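Engineer: Predicted model, plus sequence, below.
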Amino acid sequence: MHTSVVVVGAGPGGLAMSYHLTGAGVDHVLFERGDVAHSWRTERWDSLRLLTPNWMSGLPGACYEGDDPDGYMTAAETVATLEAYRRSIDPPLHTGIEVEAACNTGTGFEIRTTETTWHCDAVVAATGGSSEARVPAFASDLPETLQQFTSLSYRRPAQIDGHGRVLVVGASASGVQIADELRRAGRDVTISIGEHVRLPRAYRDCDIYRWLDRIGQLDERWNEVEDLDRARRHASVQVIGSDDRREVDLPSLQGLGVQLVGRLVAIRGTTAFCSGGLGSLVANADLKQARLLRRIDEWVYEQDMVNLVGPATEPSPTVLTQVPTELDLRGFAAVIWATGFRPSYDWLDPRALGRRGRVDHDGGVACMPGLYLLGLPFLRRRRSNLLAGLGVDAAELCQHLVKYLEDVGRGSTWTSR
Amino acid sequence: MTQTEAPTIDNGVNIEALRGARQALTDAPEAAQFQWRARCEWVNGTHSRSTITDFFGLGQQHSHRQGYTIEADHPEVFASEDNGATPPEIVLGALASCLTAGVATVATNRGIQLRSVIATVQAEMDLQGILGIDADVRNGFDRIDVKYEIDADASAADIEAIVAQSQKRSAVFDIVTNPTTVRVTVA
């Protein structure tokens, strides 16, 4: 079978790419291992909602049209939204088919799937950046009596047996949200904190993402930031989408009675060792938060909007009291690794991989001609891995792809529309 | 403001060379593998002398411009001769030196002129640990406090940010805050 472009993954990225390819008249197929939005159906905890408000959750050609623009979609609502989007754009979608290998043949790509083998001129890997949970190697040193989950396998507090403490490792959005949920369910919770990004849910009476959008922070481009590697490794912001718009920053968790400890660095026997450097990390996160809020203030003054928005209220500083550096794991029932994600490109031609097994690419355009990536953190702009960023990334990459197909003089069945 | 170009600052840090080194080591990570060495010889009583002469890095052996020695001893209240600082005090000096080198480097990288930087370090220790009086008391410090007084052409927030960044990039800060496997053998 032959097509111009194979898109792998029918999440929001793959669907947006299909929309733009269709608009450009490019013949393509979209493969999905499960059903549309597979990971949103199968790899999210029950209470999870998007970090961004609904008004941001448009997809190409489909603005948010619901009646709660300032609310936050649940995982189930996200699936429903993507399912409705699929119906409206009717992409050339093949579900239940896994791509096992994409091999560069020199004249294009051979795509081996669990059914037929396809040939194409270009491939879009729209499988995203959260295919696998990243877990430190010393996880295997944990006593066997402890239950272990990752932010992909955790579902709800009732999964954890017994009454022991729960150690949540990681203080990005996932870690603080899970710690908040477990504590509210009555669990004793300890959270181990590495480098983190703190921002309030709302500032000057507006959702923080409204501000990040307005001041242009989310549109900072990959080829303009000073240290792209670091920007791509940044933890997600410590916020939660909830009806009560509550905070899940470290002072809020402390207020609930969650114990804060430094980054988990080693397990020896039944003792977990945590860094004594937490003070420096929380000071840094508070400083960076203040810097961003001042940027918002400046924007408000520049736009002469100070009378139109709420007053500037400063989030309370994080105050650490006794922070232990050793934890006796015998008091713990479970560990939840909220230590980040990584993409899975093991199906890609290994020649596309550079140092440390990562795909070499520039803003999603792989060094291997004809290969494109979509849905990774800061792929082309700070919003790249938000629902609100996939559409514009897909549009730009589609443009590049169309030009590529023209340049190689193949494939594109260009139709005037 | 009538100033039209960025003022030139000089903290004595060759920032261009450091940026170059960072790029070079990004491209050749094997050259980033360093080994630091010290040799310590017992003198008498609790007095010992460490000498530091060479190290390995960038794929080859290096020598310091000259050898350095560090005298260590215990004070007279411990019935020693006090021929040098105590080893824990040397650790405090190492921590402050490492952070201070970071302050100078980060400030230069951010175009900030320093006039004076003074770190005061205090660390609490319960001697019942090393004397074996109470098994629940650790040998090491209970806590370490480093206080910086910095005079620089920068806002208080910028100075705080420099100090925060210097901790993030400090070897000794990492060494004292995180566990390290230590293997001691007898030849």
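Structural biologist: Yep, that arrived.

Engineer: low pLDDT regions in the chain?
Structural biologist: I went with chain A, as the question did not name one. Low-confidence segments of chain A, defined by pLDDT under 70, span residues A:410-417.

Engineer: try chain B instead
Structural biologist: Applying pLDDT under 70 to chain B picks out residues B:1-7.

Engineer: can we see that at 50?
Structural biologist: B:1-5 (pLDDT under 50).

Engineer: ok, longest helix in it?
Structural biologist: helix B:87-109 (DSSP state H).

Engineer: Quick check: the gap between the nearest residue to residue A:197 once chain neighbours are set aside and residue A:130.
Structural biologist: Residue nearest to residue A:197 in three dimensions, not counting chain neighbours: residue A:237, with 5.0 Å by Cβ to Cβ, 6 or more residues apart in numbering or on different chains. All C-beta atoms are positioned from the backbone trio N, CA, C, and that covers glycine. Using Cβ to Cβ, to the nearest Å, residue A:237 is found at 16 Å from residue A:130.

Engineer: again, but for residue B:98
Structural biologist: As defined by Cβ to Cβ, residue B:98 lies at a distance of 37 Å from residue A:130.

Engineer: Show me which of these two is the more surrounded one.
Structural biologist: More crowded of residue B:98 and residue A:130, by other Cβ atoms under 10 Å in any protein chain shown: residue A:130, with 23 against 20.

Engineer: Quickly find the element holding that one.
Structural biologist: Residue A:130 is part of no helix or strand when elements are defined by DSSP states H and E.

Engineer: And the strands in chain B, which stretches?
Structural biologist: Assigned by DSSP state E, chain B shows strands spanning B:35-36, B:39-44, B:47-57, B:60-72, B:114-124, B:143-152.

Engineer: surely residue A:325 meets residue A:277?
Structural biologist: No - the pair residue A:325 / residue A:277 is not scored as a contact, 9.6 Å apart, by Cβ atoms under 8 Å.

Engineer: More neighbours: the two, which one.
Structural biologist: Between residue A:325 and residue A:277, counted using other Cβ under 10 Å, residue A:277 has the larger neighbour count: 22 against 18.

Engineer: OK, contacts around the residue nearest the centre of chain B?
Structural biologist: Geometric centre of chain B, nearest residue: residue B:98, 2.8 Å, by Cα atoms, centre = their mean. Contacts here follow Cβ atoms under 8 Å, 6 or more residues apart in numbering or on different chains; on that basis residue B:98 touches B:170-173.

Engineer: and it, how far is that from residue A:398?
Structural biologist: Distance of residue B:98 to residue A:398, computed by Cβ to Cβ: 50 Å.

Engineer: Correct me if wrong: residue B:24 contacts residue B:31.
Structural biologist: Yes - using Cβ under 8 Å, residue B:24 is in contact with residue B:31, at 7.1 Å.

Engineer: Could you list the residues of chain B in contact with chain A?
Structural biologist: B:157, B:160-161, B:164-165, B:167-168, B:173-174, B:176-179 (Cβ under 8 Å from any Cβ of the partner chain).

Engineer: Now render the residues you listed as TSV, adding distance to residue A:293 and neighbour count.
Structural biologist: Output for the residues of chain B next to chain A, formatted as TSV (distance: Cβ to Cβ, whole Å; neighbours: other Cβ atoms under 10 Å in any protein chain shown):
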residue	distance to residue A:293	neighbour count
B:157	12	12
B:160	15	18
B:161	14	21
B:164	17	20
B:165	19	20
B:167	22	21
B:168	21	15
B:173	27	22
B:174	30	16
B:176	32	20
B:177	28	22
B:178	31	17
B:179	36	16
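
Engineer: Output these in a markdown table; the columns should cover distance to residue A:354.
Structural biologist: Compiled in a markdown table, the residues of chain B next to chain A are given as follows (distance: Cβ to Cβ, whole Å):
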| residue | distance to residue A:354 |
| --- | --- |
| B:157 | 38 |
| B:160 | 37 |
| B:161 | 33 |
| B:164 | 32 |
| B:165 | 28 |
| B:167 | 31 |
| B:168 | 26 |
| B:173 | 32 |
| B:174 | 28 |
| B:176 | 35 |
| B:177 | 33 |
| B:178 | 30 |
| B:179 | 33 |
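
Engineer: and of these, the nearest to residue A:332?
Structural biologist: Among the residues of chain B next to chain A, residue B:179 lies closest to residue A:332 (Cβ to Cβ), at 18.8 Å.

Engineer: For the stretch 251-400 of chain A, which segments count as helices?
Structural biologist: Along the stretch 251-400 of chain A, counting by DSSP state H, counting those that start in this stretch, helices occupy A:278-302, A:387-407.

Engineer: Output the contacting helices and strands for the shortest one.
Structural biologist: Right, helix A:387-407. Applying 3 or more Cβ pairs under 8 Å, 6 or more residues apart in numbering or on different chains; DSSP states H and E, one finds that helix A:387-407 makes contact with helix A:12-23, strand A:122-125, strand A:371-373.

Engineer: Enumerate the residues of the stretch 201-350 of chain A near chain B.
Structural biologist: Contact residues, the stretch 201-350 of chain A versus chain B (Cβ under 8 Å from any Cβ): A:262-263, A:265-266, A:273, A:275-277, A:280, A:283-284, A:287, A:290-291.

Engineer: Show the buried residues in the residues you listed.
Structural biologist: A:262-263, A:265-266, A:273, A:275-277, A:280, A:283-284, A:287, A:290 (16 or more other Cβ atoms under 10 Å in any protein chain shown).

Engineer: and those residues, which two are the farthest apart?
Structural biologist: Maximum distance among these (Cβ to Cβ): 32.7 Å, for A:266 and A:290.

Engineer: and residue A:127, what does it touch?
Structural biologist: Neighbouring residues of residue A:127 by Cβ under 8 Å, 6+ apart: A:8-9, A:11, A:343-345, A:375.

Engineer: how about it, secondary structure?
Structural biologist: What DSSP: H, G, I helix; E, B strand; the rest coil gives for residue A:127 is coil.

Engineer: Now do it against residue B:65, distance only.
Structural biologist: In this view, residue A:127 and residue B:65 are 54 Å apart by Cβ to Cβ.

Engineer: Then residue A:408?
Structural biologist: For residue A:408, the distance to residue B:65 equals 58 Å [Cβ to Cβ].

Engineer: One more: residue B:149?
Structural biologist: Going from residue B:149 to residue B:65 by Cβ to Cβ gives 30 Å.

Engineer: Looking at these two, which one has more neighbours?
Structural biologist: Neighbours per residue (other Cβ under 10 Å) separate residue B:149 from residue B:65, with residue B:149 holding more: 10 against 5.

Engineer: what bridges to that one?
Structural biologist: Residue B:149 has these beta-bridge partners by DSSP bridges: residue B:118.

Engineer: Now that it has come up, it's in contact with residue B:115, right?
Structural biologist: No - judged on Cβ under 8 Å, residue B:149 makes no contact with residue B:115 at a distance of 11.0 Å.

Engineer: Which residues are in contact with each of these two?
Structural biologist: By Cβ under 8 Å, 6+ apart, no residue touches both residue B:149 and residue B:115.

Engineer: Break chain B into its domains for me.
Structural biologist: B:31-85, B:86-177 (automatic domain parsing).

Engineer: quick one, which of those is nearest to residue A:20?
Structural biologist: Here domain B:86-177 is closest among those (Cβ to Cβ), at 40.2 Å.

Engineer: Residue A:231 contacts residue A:225, doesn't it?
Structural biologist: Yes - shown here, residue A:231 and residue A:225 form a contact pair, counting by Cβ under 8 Å, at 4.9 Å.

Engineer: Overlap of the contact sets of these two?
Structural biologist: residue A:378.

Engineer: Residue A:238 is in contact with residue A:178, isn't it?
Structural biologist: No - if you go by Cβ under 8 Å, residue A:238 and residue A:178 don't touch, sitting 11.9 Å apart.

Engineer: now residue A:32: how far from chain B?
Structural biologist: 37 Å (Cβ to the nearest Cβ, to the nearest Å).

Engineer: so how many other residues sit close to that residue?
Structural biologist: 26.
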